[in-house]
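[1] Fold the following for me, if possible:
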Amino acid sequence: MKKVLLTIVGLTMLWGCQSIDYLSIDYLLPAEMSFPNQLRKVAVVNNMPQEAPITLDRQFTDIPDVNARLQYHKTQYLSGDSKIATESLAQALADGDYFDTVIICDSALRVGDKEERRQTLTNDEVNELTQQLGTDFLISLENLELRAVSKAEPDAYMGLFVASTDVKVSPTVRVYLPQQSPRLPINKMDSIFWQGFGDDINESVHELPNNQKLVREASLYAGEFIAKTFVPYWETATRFYFPNGSVAMRDAAFYVKESKWEEAKKLWQKSFDESKSTKKKMYASYNLALGNEMLDDIDKAIEWATKAQQYAIQANQGEVAQLAGIYLQQLNTRKQSYASVKMQMQRFNEDF
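    Prediction:
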């Protein structure tokens with residue numbers, strides 16, 4: 001998104017009399033995994049090994065930088081907090097409002113084990129848990145590994161020391177259905193990042209989270225992002241439009257601010273039909289693409305965005321052609337995901 005925003009700044013400066021405005025759009029993306037409609041009640045269980053206290057069994061290395069610029073560098077390998085991650089995953093699934101029932105069993109299932117056993121749940125355990133909890137299937141947290149890399153170095157431009165901690169969060173989950181063999185584990189990875197600033201190294205490093213906070217925040221985040229594997233989720237994106245160029249375009253901008261897209265579309269269409277200027281047709285076409293997207297007609301939006309790009313090339317408006325090209329990529333991505341979203345939301349009779 002940074003690339004788009006930087007482009008827009010350049011466009012605003014170059015066009016002078018023509019301005020550009022933006023808005024946020026929320027749209028639904030499909031889950032990575034699809035479930036049959038009859039699987040409506042899920043239990044989230046904690047099947048991680050019993051954890052050692054956070055201050056124990058931790059590894060780290062301090063690595064001096066060869067050019068002496070990186071004056072502090074530490075790598076740690078930590079176990080996530082299974083209880084926090086399980087609760088976070090269950091909450092994210094419930095917030096997704098996709099399953100009828102989400103039940104949490106965050107107490108570690110293996111705490112009472114007197115001898116080590118394989119990590120996957122047995123069929124008997126799965127059957128017993130689903131019956132006890134009254135659910136159709138289980139989603140089990142099997143492991144949560146954290147790799148935290150912290151470093152600090154001077155920043156000549158800012159005149160400060162800048163410290164950072166980048167944590168790779170790697171949860172493993174598994175889906176269990178009664179009377180079926182365990183599914184293959186699902187391994188995911190994402191990252192969470194902190195920065196600290198100070199007049200010296202110690203001050204900047206002191207701004208970074210301690211291990212307790214790091215593990216807590218990373219475990220919360222693990223549950224949130226892995227939930228996207230199982231339930232459709234909302235994405236927020238930025239869209240741009242041209243608020244002037246003709247009287248109709250300026251009037252349409254008022255309707256945009258009130259989310260009256262049919263009215264705005266009529267005025268943009270009027271501007272397109274009445275204009276003989278290639279540039280004005282370019283602006284109107286781009287706006288019509290947005291109007292159709294906001295009304296969920298993605299095919300029509302792609303058609304108008306393609307026209308906007310073609311008019312931009314004819315008018316030698318390279319910046320607009322680039323902007324329309326980026327928008328076309330976004331629209332095509334939405335189109336590809338829409339079929340999956342529609343299929344996954346059939347349980348709601350397409351009322352979404």
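[2] quick one: average confidence on the lengthiest strand in the chain?
    Scanning the chain for the longest strand, with DSSP state E as the assignment, gives strand 137-155. Strand 137-155 comes out with an average pLDDT of 93.
[3] so what strands line up beside that strand?
    If you go by DSSP bridges, strand 137-155 pairs up with strand 41-46 (parallel), strand 72-79 (antiparallel), strand 160-176 (antiparallel).
[4] How far off centre is that strand?
    Distance, stretch centre to chain centre, for strand 137-155: 17 Å (Cα atoms, centre = their mean, to the nearest Å).
[5] Mind listing what's buried along it?
    Within strand 137-155, the residues that qualify as buried are 137-146, 148, 150-154, counting by 16 or more other Cβ atoms under 10 Å. All C-beta atoms are positioned from the backbone trio N, CA, C, and that covers glycine.
[6] Determine which two of those residues are furthest apart.
    Farthest-apart pair in these is 137 and 154; separation 53.1 Å (Cβ to Cβ).
[7] what sits against the residue nearest the centre of the chain?
    Closest to where the C-alpha atoms of the chain average out (Cα atoms, centre = their mean) is residue 235, at 6.6 Å. By Cβ atoms under 8 Å, 6 or more residues apart in numbering, the residues touching residue 235 are 26-29.
[8] And for residue 134?
    By Cβ under 8 Å, 6+ apart, the neighbours of residue 134 are 41, 101, 103.
[9] circling back: for the residue nearest to the centre of the chain, what is the enclosing helix or strand?
    Following DSSP states H and E, the helix or strand that holds residue 235 is strand 233-241.
[10] gap between residue 145 and residue 339?
    Distance, residue 145 to residue 339, by Cβ to Cβ, to the nearest Å: 34 Å.
[11] returning to that earlier point: partners of the strand holding residue 235 in the sheet?
    strand 21-29 (antiparallel).
[12] and the nearest residue to residue 239 once chain neighbours are set aside, how many neighbours?
    Leaving aside its chain neighbours, residue 239 sits nearest to residue 25 (5.2 Å; criterion: Cβ to Cβ, 6 or more residues apart in numbering). Residues lying near residue 25 (other Cβ atoms under 10 Å) number 15.
[13] Please apply the same query to residue 24.
    8.
[14] got it, and residue 338?
    For residue 338, the neighbour count with other Cβ under 10 Å is 17.
[15] what about it, which SS state?
    Classification of residue 338 using DSSP: H, G, I helix; E, B strand; the rest coil returns helix.
[16] got the contact list for it?
    By Cβ under 8 Å, 6+ apart, the contact list for residue 338 reads residue 298.
[17] Same question for residue 31.
    Residue 31 is in contact with 98, 228-233, 344, counting by Cβ under 8 Å, 6+ apart.
[18] 6 Å - rerun?
    230-232 (Cβ atoms under 6 Å, 6 or more residues apart in numbering).
[19] Stretch 285-293: which residues count as buried?
    Neighbour counts over stretch 285-293 (16+ other Cβ under 10 Å) mark 285-293 as buried.
[20] Quick check: mean pLDDT of that stretch?
    What stretch 285-293 shows for mean pLDDT is 97.
[21] Also stretch 238-246?
    Stretch 238-246 comes out at a mean pLDDT of 92.
[22] Show the subsequent helix or strand relative to the strand holding residue 235.
    Counting by DSSP H and E, the element after strand 233-241 in chain order, helix or strand, is helix 247-257.
[23] Residue 22: neighbour count?
    Residue 22 has 12 nearby residues by other Cβ under 10 Å.
[24] confidence score at it?
    Looking at residue 22, its pLDDT stands at 90.
[25] ok, so what distance separates the closest residue to it other than its chain neighbours from residue 104?
    Excluding the flanking residues, the one nearest residue 22 by Cβ to Cβ, 6+ apart is residue 240, at 5.0 Å. Separation of residue 240 from residue 104 (Cβ to Cβ): 42 Å.
[26] which intervals of the chain have sub-threshold pLDDT?
    1-18, 50-71, 106-118, 350-352 (pLDDT under 70).
[27] mind giving me the domain ranges of it?
    2-22+240-348, 42-231 (automatic domain parsing).
[28] Rebuild these as CSV, extending it with distance to residue 34.
    Listed next are the domains of the chain as CSV, based on distance: least, Cβ to Cβ, whole Å:
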stretch, distance to residue 34
domain 2-22+240-348, 5
domain 42-231, 10
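[29] what's the most distant pair in the buried residues of stretch 285-293?
    285 and 293 (13.0 Å).
[30] Where does the residue of the chain positioned farthest from its centre fall, secondary structure wise?
    Distance to the chain centre peaks in the chain at residue 276, reaching 42.2 Å (criterion: Cα atoms, centre = their mean). Residue 276 belongs to no helix or strand when assigned by DSSP H and E.
[31] Roughly how far does it sit from residue 222?
    57 Å.
[32] Residue 37 is in contact with residue 136, correct?
    No. Using Cβ atoms under 6 Å as the test, residue 136 is too far from residue 37 to be in contact (10.8 Å).
[33] Same drill for those two, tell me which one is more crowded.
    In this view residue 136 and residue 37 are compared by other Cβ under 10 Å, and residue 136 has more residues nearby, 19 against 9.
[34] among the strands paired with strand 137-155, which is nearest residue 265?
    Going by Cβ to Cβ, the one of the strands paired with strand 137-155 nearest residue 265 is strand 41-46, 41.0 Å.
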